[in-house]
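Engineer: okay, sequence plus prediction incoming.
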Amino acid sequence: MKLYFTFIFILITFIGCKKEGNESVVDYAYLGGEIINPNTNYIVLSKNDAIIDTVELDNRNRFLYKIDSLTEGLYTFSHGGEYQLILLEPEDSLLFRLNTLDFDESLVYTGNGDKKNNYFINEFLGNEQEEKFVVKLSQFDGKTFQLKVDSLRAHKLNALNRFSEKHNPSDLFLKIAKANIDYSYYSSKEVYPFMHYGKNKAAILKSLPNNFYEYRNEINYNDEFLSSYHNYFKFLRYHFSNLSLKTHDQHETNACFDRESLCYNMDRLKLIDSLIVNPTIKDELLYHFTMGYLSKSKNEKNNNLLLKSYLSKSKSEKGKNKMERYTRSVNRLKEGLKFPEINVATYNHDFIEINDIINSPTVLSFWSHVYYEHFKESHYKLNELKQKYPEVRFITINIDDYSVEKSRKLLENHGFFNVNEFKFKNPEESLEILAVYPMTKTILVDKSKKIVNSNTNIFSVHFEEQLLGLINR
């Protein structure tokens, strides 16, 4: 590995020096790396949701790619459904190494451009921990919470200043790093009313200090530069959810807030449509919130009303087509109807129709290589439930379009393999029929193959109560 990359650096340096000697403008960068436990034999490189190229791995799971006519900025590399942002500027020769079993945590950069990208990945991992801490802080009153998150922000700004003094990064890096800190801070404040223990969210908003949301005066809802940036979209999601609280409160008499109410969700779509002009940003937010509502709702009338609202506001024909199909699937999964005919593959390379093996109270859950933590935690939870409820059959289905051998290997390596593990024969078709979103979705079916609950979650505090209801039918 070390000798391999040393040779690459010598080659890149030689090319760079030759160009410099000819006084040519340097407008390219190199990206290379090694992937441990690859899910596919390629990575996908893109910018602003537009694919630049699909880069194949060699027989040692490595690659090296030159980006000509480089437009400096944030790029995305993805592999097996996981992705990460990188900052590329002229003359960068960035190399990374990662293990797909621990994608973000194992990611390390070397080469020209490594320090800025290691800064970003470390901050990304730090933000994941900070979000959990912010949930705890949210139980304080508004004034105390504000002091504590202000302190967190100041600490990160000081760290950025120290990094800047030591490494003298570009203005572009500083712009992105500052935006990252700011929008993480803004998100913490926007999510506060939802995380605070009080159920009367309108009262919580009224209790906040007058300057709590002062930063909103500087927010650009149509920031083209940040339109593909995760932290910016995360902030906008929290922000519009928060703004909708006030709008919703004006015509809602119930003090206990219900985020699943049709009224609240309709209000949110209206606000997005009225305040955002950029079609990419607007469509992403409209799609996210509509899909989130439909994935939890079992009311066909309300589903169709929200779908109608979404279709009238979105300009994305692809998004509208997907949403219409998803709504039809959700509406078809009604309680009391027979579970759909879905073909699955066994790990003995046979194919069966799932209803052929449903002859007792049954729980169907799903997993993917992409959601590795969910894969592990869901199987641990299912093993626990199997011990408590031996009369229930727990069927687990892998949704990935990968080989049976790959999924079986992952199951066996973790001690999860059993006779009730299957793979979709036709993943794309089956995912649509069962409306599998989010990945935590779980379906309960009785011994007569009738749907009892089309969308629950094994981690829900109510799940075992639902399970007892299934057993006693």
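Structural biologist: Here it is on my side, so go on.
Engineer: quick one: the helices in the stretch 51-200 of the chain?
Structural biologist: With DSSP state H, counting those that start in this stretch as the criterion, the stretch 51-200 of the chain has helices at 103-106, 114-137, 142-167, 171-195.
Engineer: and for the closest residue to Y185 other than its chain neighbours, the neighbour number?
Structural biologist: Nearest residue to Y185 in three dimensions, chain neighbours excluded: R153, at 4.4 Å (C-beta to C-beta, 6 or more residues apart in numbering). All C-beta atoms are positioned from the backbone trio N, CA, C, and that covers glycine. Neighbour count of R153, defined by other C-beta atoms under 10 Å: 16.
Engineer: with the one 10 residues further on instead?
Structural biologist: F163: 18 surrounding residues under other C-beta under 10 Å.
Engineer: gap between the closest residue to it other than its chain neighbours and N472?
Structural biologist: Computed as C-beta to C-beta, 6+ apart, the closest residue to F163 that is not its neighbour in sequence is Y119, at 6.0 Å. Using C-beta to C-beta, to the nearest Å, Y119 is found at 56 Å from N472.
Engineer: so those two - more neighbours on which side?
Structural biologist: Neighbours per residue (other C-beta under 10 Å) separate Y119 from N472, with Y119 holding more: 20 against 7.
Engineer: look up how far R97 lies from the more buried one.
Structural biologist: 17 Å.
Engineer: show the model's pLDDT score for the residue nearest to N180 when sequence neighbours are not counted.
Structural biologist: Counting by C-beta to C-beta, 6+ apart, N180 lies nearest to N231, which is 5.5 Å off, once chain neighbours are set aside. Confidence at N231, expressed as pLDDT, is 88.
Engineer: surely N231 is within a helix?
Structural biologist: Yes: under DSSP: H, G, I helix; E, B strand; the rest coil, N231 sits within a helix.
Engineer: dump the residue contacts of it.
Structural biologist: Contacts for N231 (C-beta atoms under 8 Å, 6 or more residues apart in numbering) come out as 127, 179-180, 183-184, 187.
Engineer: among those, which one has the most neighbours?
Structural biologist: Y183 (25 neighbours).
Engineer: where in the stretch 301-450 of the chain is pLDDT low?
Structural biologist: Counting by pLDDT under 70, the stretch 301-450 of the chain contains no low-confidence range.
Engineer: what about the helices in the stretch 251-400 of the chain?
Structural biologist: Using DSSP H, counting those that start in this stretch, helices in the stretch 251-400 of the chain cover 262-275, 279-294, 300-313, 317-332, 372-388.
Engineer: residues contacting the residue nearest to Y185?
Structural biologist: Here R153 is in contact with 181, 184-185 (C-beta under 8 Å, 6+ apart).
Engineer: one more time with 10 Å, if that's ok
Structural biologist: Residues near R153 by C-beta atoms under 10 Å, 6 or more residues apart in numbering: 181-182, 184-186, 188.
Engineer: can you lay out these as CSV showing distance to P427?
Structural biologist: CSV is the format used below for those (distance: C-beta to C-beta, whole Å):
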residue, distance to P427
I181, 39
D182, 39
S184, 35
Y185, 39
Y186, 37
S188, 37
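Engineer: by neighbours, which of those wins?
Structural biologist: That'd be S188 among the contacts of R153, by other C-beta under 10 Å, with 26 neighbours.
Engineer: I figured that residue was touching F194, is that so?
Structural biologist: No: using C-beta atoms under 10 Å, S188 is not in contact with F194; the gap is 11.4 Å.
Engineer: what is in contact with these two at once?
Structural biologist: Contacts common to S188 and F194, judged by C-beta under 10 Å, 6+ apart, are 135, 138, 238.
Engineer: how many residues are close by the second one?
Structural biologist: Which is S138. Applying other C-beta under 10 Å, I find that S138 has 19 neighbouring residues.
Engineer: gap between it and K148?
Structural biologist: 10 Å.
Engineer: mean neighbour count for the helices of the stretch 251-400 of the chain - can I get that in TSV?
Structural biologist: What follows is the helices of the stretch 251-400 of the chain, written out as TSV (neighbours: other C-beta atoms under 10 Å):
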stretch	mean neighbour count
helix 262-275	19
helix 279-294	20
helix 300-313	16
helix 317-332	16
helix 372-388	15
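Engineer: which of those sits closest to L85?
Structural biologist: helix 279-294 (15.8 Å; C-beta to C-beta).
Engineer: which strands and helices sit next to the closest one?
Structural biologist: Applying 3 or more C-beta pairs under 10 Å, 6 or more residues apart in numbering; DSSP states H and E, one finds that helix 279-294 makes contact with helix 230-249, helix 262-275, helix 300-313, helix 317-332.
Engineer: just want the angle from that helix to helix 230-249.
Structural biologist: Helix 279-294 and helix 230-249 are oriented at 60 degrees to each other (axes from the mean of the first three to the mean of the last three C-alpha atoms, to 10 degrees).
Engineer: going forward, the N-terminal residue is numbered 11.
Structural biologist: All right, first residue 11 from here; so that's helix 289-304.
Engineer: just the CA coordinates for helix 289-304, please, in CSV.
Structural biologist: This file holds the C-alpha atoms of helix 289-304, laid out as CSV (Å, rounded to 0.1, in the frame of the first residue of the first chain):
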residue,chain,number,x,y,z
PRO,A,289,-36.2,24.7,-7.9
THR,A,290,-33.5,22.2,-6.8
ILE,A,291,-33.8,23.2,-3.1
LYS,A,292,-37.6,23.5,-3.2
ASP,A,293,-38.1,20.1,-4.9
GLU,A,294,-35.7,18.4,-2.4
LEU,A,295,-37.6,19.8,0.6
LEU,A,296,-41.0,19.1,-0.8
TYR,A,297,-40.0,15.5,-1.6
HIS,A,298,-38.4,14.9,1.8
PHE,A,299,-41.4,16.1,3.8
THR,A,300,-44.1,14.5,1.6
MET,A,301,-42.3,11.1,1.7
GLY,A,302,-41.8,11.4,5.4
TYR,A,303,-45.5,11.9,6.0
LEU,A,304,-46.7,9.2,3.6
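Engineer: now it: how far from the chain's centre is it?
Structural biologist: 14 Å (C-alpha atoms, centre = their mean, to the nearest Å).
Engineer: and if you look at stretch 372-384?
Structural biologist: Counting by C-alpha atoms, centre = their mean, stretch 372-384 is centred 15 Å from the centre of its parent chain.
Engineer: buried stuff in that stretch?
Structural biologist: 372-382, 384 (16 or more other C-beta atoms under 10 Å).
Engineer: just the C-alphas of that stretch, formatted as PDB.
Structural biologist: Extracted in PDB, the C-alpha atoms of stretch 372-384 (Å, rounded to 0.1, in the frame of the first residue of the first chain):
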ATOM      1  CA  THR A 372     -45.200 -13.100  11.300                       C
ATOM      2  CA  VAL A 373     -42.900 -10.100  11.500                       C
ATOM      3  CA  LEU A 374     -41.200  -8.900   8.300                       C
ATOM      4  CA  SER A 375     -38.300  -6.500   8.600                       C
ATOM      5  CA  PHE A 376     -35.600  -5.400   6.100                       C
ATOM      6  CA  TRP A 377     -31.900  -4.600   6.000                       C
ATOM      7  CA  SER A 378     -29.200  -3.300   3.600                       C
ATOM      8  CA  HIS A 379     -25.400  -3.300   3.500                       C
ATOM      9  CA  VAL A 380     -25.700   0.500   3.100                       C
ATOM     10  CA  TYR A 381     -27.200   0.900   6.600                       C
ATOM     11  CA  TYR A 382     -24.600  -1.100   8.400                       C
ATOM     12  CA  GLU A 383     -25.500   0.100  12.000                       C
ATOM     13  CA  HIS A 384     -29.200  -0.700  11.400                       C
END
